[in-house]
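Chemist: Build me a model from this:
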Amino acid sequence: TEITAKYDAAKAEGLQVFAMSDLVLFPKRLVSLYGMSGTMGDVNNANTELWLRRTMKLMFAQFPQLDGIMVRIGETYLNDAPYHQGKIDNKNSANSTIIPLMNILRDEVCVKLNKKIYFRTWASFDTDLNTFLATSNGVEPHPNLTWSVKHCEGDFHRGNPFSKVLGQGRHPFIVEVQCAREYEGKGAFPNYIAHGVIEGFEEHAANPSQSLRHLWQNSPLMRGVWTWSRGGGWEGPYIKNELWCELNAWVMAQWALNPAATELSLFNRFATERLGLPASQLAAFRELALLSAEAAWRAKRGTNNSLSPWWSRDQYYLFPTMPSNSAARSQMLSDQDVALAKFERIVEIARTLTPSNPEDRECMISSSLYGLHLMRIWQAVKNMAANEGVNPVALKSWLDRHDEAWADCLGLATAYPNSAASFYVKSAQRSSGGENPTSAEPRIRAAVNALADSDADGLIDLAENVSAGVDTDLDGTPDYLDTDSDNDSISDAVELGLYWDDPIDSNSDGTPDFRDGTRSPGAYQNWRQVNFERDWKSDSLAAWFADPDGDGFVNGLEFALFGTADSADASLFSPDSSAPAIHFRRNLSATDTTITVWTSTDLTNWLPAARSVDGAAFMPLLPGCYADESAGGGQVKVGRSAQPSGDEIFIRLGVALESP
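Modeler: Residues are numbered from 1 along each chain as shown. Below you'll find the predicted structure:
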């Protein structure tokens, strides 16, 4: 009754209705009654054929709304089917199984019942061209018989070859496309694949024919596209906003309706019609989408496809098996850095976009951060796998980064409770392509905990030896911890930075400041590293104009006025209730910053009232204005001693970074 109601509702909307089924599938009582347990998987068996035909007749008689059936023989799942059993023998054999099964269904469904069949080729005859062509030759085409082929070989893995059988043979076909990407986040983070499917992925760039556009232009057998709009895989991540899955599905559907349209035009239609983005933001949204596809391939496989595609799927990941070739391993690890950098840019862009629905804007930001932190976790996992037993110093560094990235990722649940997806878990259900974190991570953690830190300074002995290499005064402390090599009153330890393996290099010459002789990092550079730790180089989080805690105060203001970088401040300054003045606290250590307080009577013409340059005390600049720091500790009050007659007074505060 329930199914009939749903079928009727679909037909009332003008939709066609299809049942999808694995084959061969029979009731357990039937199999037992006719003794078919050993033969039901053999489609050449007379009893199997008899009951398969009767099953088709019964199904279409009971549900006349059905326009046809979609058939799959690659897998059979009956975990939640208490009354049925399924089986098929020799599913990859054209002559023994595929051809006779398709001919039975063609005769019974297409010819006798005048219903349609979509026969899925996956995991049975979609990768071997000879088997595909043999099947094509062994089954006579029929207007009601259409084949279904995935756009890539095997499963929906980035980096897999474009299907070699698409457009071959003599049967019309549709192309399968997965939009939720069970192997790449399921919509928990941006991952735009419609461009690659339609116009060609970058991994197939050497052969321009490997795209659906080329297929549509050159194969008269192509009938359309069907998408896994939200299906695929098991369990999480579970998303709260369909934005990224809908983007893929919508563009694919619109292209199927009008294959002559450019993918870019459809993408822009989605951005404007569905998201309500202003035209000025289309290029930025486009950049974000294309970056997500580039990052996903690099993070999942590497541009050399050196990682097994199975090390991550659904909500699970493994410590992947590293390539044995050193050059391939180095390339793969470099790709992880690139993927992370691309997601840093994605976060930057997401913060600038303003879709009409505030929920979509929050999703853009939270999902981009989700992807960024996941890229950091995966980068750390792969580097730990590469360095275990090889470089204990690097192993400790990557374990630290791994833990920090996990903390930041889990923090999204608090920062974005309405939009952040559920998280990946460390207990993988499958172990193909790597090692389960439940065994790999504790072993690595134990090895790192065993590393010595003789002087209890938080830096392991090996790290100190690598970083400094010398202890010229033989006091047991490496030189960089107890010297000031460039005599600038900032110790080498401070100039090295919070992390010995990622030191400040403010002029980007490849040499850390503490080894550069006369260089020392600016106060803001140090503030960045102290507040953002491993992420201090990320412009999306730590740059002067970034606002990672979303409180409306950019980092520059937080730095100059003693704000907190990782949690929202209610305010960094306050007006005086009795006079035209402003109160705030300045950072006395902000020696590379100029703070200016401005006044105006019309919000158009602004005059500087007082200014602090490079950490010096405030000086009044305008007659009738004062700057009071008598309270000490950086407490400042700037205002006018007298208000111009009849005028309103407006005050604003600005901060400028004098040096990088």
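
Chemist: what residue ranges in this structure score low on pLDDT?
Modeler: 454-504, 506, 510-521, 534, 642-646, 659-660 (pLDDT under 70).

Chemist: Using the three-state scheme, assign Leu290.
Modeler: Recorded secondary structure, Leu290: helix (DSSP: H, G, I helix; E, B strand; the rest coil).

Chemist: Run a quick neighbour tally on it.
Modeler: Other residues within reach of Leu290, judged by other CB atoms under 10 Å, total 16. For the C-beta atoms, the positions are set from N, CA and C on the backbone; glycine is no exception.

Chemist: Could you do His195 as well?
Modeler: 20.

Chemist: residues in contact with it?
Modeler: 251, 263, 267, 289-290, 293 (CB atoms under 8 Å, 6 or more residues apart in numbering).

Chemist: Kindly report the same for Cys245.
Modeler: 179-180, 186-187, 229-230, 239.

Chemist: hmm, back to that, looking at the contacts of His195, which has the most residues close by?
Modeler: Going by other CB under 10 Å, Val251 tops those with 27 neighbours.

Chemist: got the buried residues for stretch 230-249?
Modeler: By neighbour count on 16 or more other CB atoms under 10 Å, the buried set for stretch 230-249 is 232-233, 236-237, 239-249.

Chemist: picking up where we left off before, among the contacts of Cys245, name the ones in strands.
Modeler: Among those, no member falls in strands (DSSP state E).

Chemist: With respect to Val390, which of the residues you listed is nearest?
Modeler: Lys186 (33.7 Å; CB to CB).

Chemist: phi, psi of the closest one?
Modeler: Backbone torsions of Lys186, given as degrees, to the nearest 10, read phi 60, psi 30.

Chemist: Contact partners for it?
Modeler: 180, 232-233, 236-237, 239, 245, 314, 421.

Chemist: The same query, at a cut-off of 7 Å, please.
Modeler: Contact analysis of Lys186 by CB atoms under 7 Å, 6 or more residues apart in numbering lists 180, 233, 237, 239.

Chemist: What separation is there between Ser96 and Gln85?
Modeler: Ser96 sits at a distance of 21 Å from Gln85 (criterion: CB to CB, to the nearest Å).

Chemist: can you list the contacts of Cys245 in CSV and add distance to Phe285?
Modeler: Converted to CSV, those look like this (distance: CB to CB, whole Å):
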residue, distance to Phe285
Cys179, 18
Ala180, 20
Lys186, 21
Gly187, 17
Ser229, 21
Arg230, 22
Ile239, 19
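
Chemist: Now, those residues that are in helices?
Modeler: Within the contacts of Cys245, no residue falls in helices by DSSP state H.

Chemist: of those residues, closest to Thr438?
Modeler: Lys186 (21.9 Å).

Chemist: Please name every helix or strand in contact with the helix or strand harbouring Glu359.
Modeler: Applying DSSP states H and E as the criterion places Glu359 in helix 358-387. Helix 358-387 is packed against helix 243-257, helix 282-300, strand 319-320, helix 326-350, helix 392-410, helix 412-415, with contacts defined by 3 or more CB pairs under 7 Å, 6 or more residues apart in numbering; DSSP states H and E.

Chemist: at 8 Å what do you get?
Modeler: helix 243-257, helix 282-300, strand 316-317, strand 319-320, helix 326-350, helix 392-410, helix 412-415, helix 437-449 (3 or more CB pairs under 8 Å, 6 or more residues apart in numbering; DSSP states H and E).

Chemist: Nearest to Ala10, out of these?
Modeler: helix 243-257 (16.7 Å).

Chemist: Now the helix or strand following the closest one: buried residues?
Modeler: Under the assignment DSSP H and E, the closest C-terminal helix or strand after helix 243-257 is helix 263-269. Counting neighbours by 16+ other CB under 10 Å, one finds that the buried residues in helix 263-269 are 263, 266-268.

Chemist: what's helix 263-269 in contact with?
Modeler: 194-195, 198-199, 213, 247, 250-251, 254-255, 282, 286, 289.

Chemist: In terms of neighbours, single out the busier of Ser96 and Gln85.
Modeler: Gln85 (19 against 15).

Chemist: Assumed the more buried one was part of a strand.
Modeler: Yes. If the criterion is three-state DSSP, then Gln85 is within a strand.

Chemist: what's it in contact with, if anything?
Modeler: If you count contacts by CB under 8 Å, 6+ apart, then Gln85 has 25-26, 28, 31, 40, 78 around it.

Chemist: Nearest to Asn436, out of these: which one, please.
Modeler: Scanning the contacts of Gln85 for proximity to Asn436, where the rule is CB to CB, the winner is Leu78, at 27.2 Å.

Chemist: State the helix or strand in which that closest one lies.
Modeler: Here Leu78 is assigned to no helix or strand, by DSSP H and E.

Chemist: Got the phi and psi for it?
Modeler: phi -130, psi 30.

Chemist: And the one 10 residues further on, by the same measure?
Modeler: Recorded main-chain torsions at Ile88 are phi -150, psi 140, according to degrees, to the nearest 10.

Chemist: so it touches Leu25, yeah?
Modeler: No. Using CB atoms under 8 Å, Ile88 is not in contact with Leu25, being 9.3 Å away.

Chemist: would you list every one of the helices in the stretch 451-600 of the chain?
Modeler: Under the criterion DSSP state H, counting those that start in this stretch, helices of the stretch 451-600 of the chain are mapped to 461-467, 479-482, 492-496, 523-532, 539-542, 555-560.

Chemist: how near is the nearest residue to Asn383 once chain neighbours are set aside to Arg376?
Modeler: Distances taken as CB to CB, 6 or more residues apart in numbering put Trp398 closest to Asn383, at 4.4 Å, once the chain neighbours are dropped. Separation of Trp398 from Arg376 (CB to CB): 10 Å.
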